[in-house]
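need a 3D model of the sequence below.
(one chain, ligands or ions: 1)
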Amino acid sequence: MIYFNTDINMSLGEDIFAALRSGRFPHSVIIEGGSHSKRLSLAKGIAQALVCSSDEAPCGTCAHCRKAAADIHPDIEIYTEDKKGNFAADTAREVVNSVSIIPNEADSKVYILTLTGEMSPVSQNILLKTLEEPPKYAFFIVACPSRADLLDTVISRSRVFSLGEQESEPDEEAADEAVRTACLIAKAIVSDNEFDIVREAAVFEKDKALFAGALPVLGEIIVEAMKVKATGTGCERFDGAADALAMRLTLARLGELEKIIRELKSGFDNNRNYNLLITRLCTLFRANT
Ligand SMILES: [Zn+2]
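Next comes the predicted model:
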């Protein structure tokens, strides 16, 4: 079963669904742990379920669900911190003042309050009265790193859903760089100039993190190349790298490359001589290509 758009463990998913299906979803919820984007994604999923008009909420297809998914539902409001990381007292007042206005379109109105740090006690106390006695239609979801950052009075009025250990945000730029590098290496494996791979792999000399990020992507490219060979259908990802490998290499050779990747990865994980690993990558990848 897929729970919303974020990967959460099954028992948490079941807890949330049970609460939704019960028709008595708590009016104040705290989502803690995980990363900021995971918390926000789960909060949005719950908000979607709360505004959904189907019995099987979130159905994903009703007008409410579609607007929620597009972040344009008028009854889902997201409040965040200011640039300095403070959830301002004025913002808290804004929330409180708007709660008395009935929902526009749905039967419910959902407030998502996202925090990356602590919320000042002043702001929390402004919200407290509303959390204690919210209108029937109003739901509050506080997405924060840890419940420990909130006042006991707020926690005691809320149901806590925990995403487990706190995680740092995935670094998208580094991930893009790893994919770019892996594509260049893959193409160099089958290029006519055997020194291309040495040139492309030179970036690893000063960047271990890039090596660690690019290796699994290379593995993916090779698996995709095997699929291309098996199905004859080109691969749309990886900038043509998988297709290039599929065109020039046999299935057996692709299998060997995949094995080499795994060996290099385990060598890296076991702290083998790093420069030697890069050299091995260059020689093994070019050998018998
Ligand atoms: Zn729906």
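
please count neighbours and contacts with C-alpha atoms only from this point.
Will do.

Ile72 falls within a strand, correct?
No. The assignment for Ile72 (DSSP: H, G, I helix; E, B strand; the rest coil) gives coil, which keeps it out of a strand.

distance-wise, check it relative to Gln124.
Plainly put, Ile72 is 27 Å away from Gln124 if you go by C-alpha to C-alpha, to the nearest Å.

the two - which one has more neighbours?
When neighbours are counted by other C-alpha atoms under 10 Å, Gln124 comes out ahead of the other of Ile72 and Gln124, with 19 against 12.

got the buried residues for the host helix or strand of the more buried one?
With the criterion set as DSSP states H and E, the secondary-structure element containing Gln124 is helix 121-132. Within helix 121-132, the residues scored as buried using 16 or more other C-alpha atoms under 10 Å are 123-128, 130-131.

ok, so of those, who is nearest the ion?
Of all the buried residues of helix 121-132, the one sitting nearest the ion is Leu131; the distance, using C-alpha to the ion, is 25.6 Å.

I'd guessed the closest one sits against Ser28; true?
Yes. Using C-alpha atoms under 8 Å, Leu131 makes contact with Ser28 at a distance of 6.3 Å.

which neighbours do those two share?
Shared between the contact lists of Leu131 and Ser28 (criterion: C-alpha atoms under 8 Å, 6 or more residues apart in numbering) are residues 140, 157.

in the stretch 151-289 of the chain, what residue comes closest to the ion?
Phe161 (22.1 Å).

who's in contact with the residue nearest to that residue when sequence neighbours are not counted?
Nearest in space to Phe161, with sequence neighbours left out and distances taken as C-alpha to C-alpha, 6 or more residues apart in numbering, is Ile31 at 4.9 Å. For Ile31, the residues meeting the contact criterion (C-alpha under 8 Å, 6+ apart) are 39, 43, 141-144, 160-163.

got a pLDDT number for Ile31?
Among the per-residue scores, Ile31 holds a pLDDT of 97.

same check on Ala69?
According to the prediction, Ala69 has pLDDT 88.

what ranges does the stretch 151-289 of the chain have for its strands?
Using DSSP state E, counting those that start in this stretch, the strands of the stretch 151-289 of the chain run over residues 159-166.

mind putting the buried residues of helix 121-132 in CSV, distance to the ion included?
Written out in CSV, the entries for these read as follows (distance: C-alpha to the ion, whole Å):
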residue, distance to the ion
Ser123, 33
Gln124, 31
Asn125, 34
Ile126, 32
Leu127, 29
Leu128, 30
Thr130, 27
Leu131, 26
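
secondary structure element for Ala106?
Counting by DSSP H and E, Ala106 is held by no secondary-structure element, helix or strand.

near the ion, which residues of this structure are found?
For the chain, the residues in contact with the ion under the definition C-alpha under 5 Å from the ion are 52, 58-60, 62, 65.

one more pass at 6 Å, please.
52-54, 57-62, 64-65 (C-alpha under 6 Å from the ion).

which one of those is nearest Cys235?
For the residues of the chain next to the ion, the minimum distance to Cys235 (C-alpha to C-alpha) is 29.4 Å, reached by Gly60.
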